[in-house]
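Novice: sequence plus the predicted model coming up.
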Amino acid sequence: MFSGPKTKFFELDACQNAGKVCLVYTERQKEELFKLEESSIWFLDRSYCWHFLAENFAKYFRMMLVHLGLPQWQFLFTAMGPTPWAEQMIVLIAPHLLTDNKIPVTSTELDEVINRIDPNIFKPKSKSLKSKKTIRDNEKHAK
């Protein structure tokens with residue numbers, strides 16, 4: 001996969017010893033006038049299989065921000081997926097990152113699911129104030 005004597009690897013993250021995120025520089029010859037170095041981000045799992053993550057560091061950094069830097073978020077881009085512990089963390093903090101092949105929900109179904117707040121709960125209830133006053137008045141008259 002990575003051939004050439006001038007290929008360079010830099011480890012960016014150890015991923016809790018379950019794999020390594022590496023910045024890989026490969027030297028490519030273009031028209032033999034000058035050499036071009038291209039960088040890309042790859043994930044190396046414990047079985048020494050390489051998984052492509054991003055074309056460059058800027059795209060990888062954006063991916064990291066989208067995934068909130070959660071533990072083992074890089075595993076979402078591999079066939080093995082995250083460990084059960086990491087998957088629970090993702091479900092708790094950012095469940096939208098775990099995509100299932102669900103049937104798309106229509107807009108009418110969404111309207112039924114969304115909770116709506118009744119604005120009347122913020123209005124003071126005059127009946128309850130009157131009833132408390134009458135109870136107090138009755139207690140005063142009883143004494």
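Specialist: Sure, I can see it.

Novice: sketch out the low-pLDDT regions of the protein for me.
Specialist: 1, 3, 28-37, 100-115, 126-135, 141-143 (pLDDT under 70).

Novice: can you give me the strands in it?
Specialist: 8-13, 19-30, 34-45, 50-54 (DSSP state E).

Novice: including mean neighbour count and distance to residue 98, could those go into TSV?
Specialist: C-beta here means a position set from N, CA and C on the backbone, and glycine is covered the same way. Below are these laid out as TSV (neighbours: other CB atoms under 10 Å; distance: least, CB to CB, whole Å):
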stretch	mean neighbour count	distance to residue 98
strand 8-13	14	20
strand 19-30	15	19
strand 34-45	15	18
strand 50-54	16	18
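
Novice: now these as TSV including distance to residue 77?
Specialist: Output for those, formatted as TSV (distance: least, CB to CB, whole Å):
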stretch	distance to residue 77
strand 8-13	13
strand 19-30	11
strand 34-45	7
strand 50-54	6
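
Novice: for stretch 90-97, which positions count as buried?
Specialist: Residues of stretch 90-97 classed as buried by neighbour count (16 or more other CB atoms under 10 Å): residue 90.

Novice: and for that stretch, what are the contacting residues?
Specialist: 67, 68, 70, 73, 76, 82, 98 (CB atoms under 8 Å, 6 or more residues apart in numbering).
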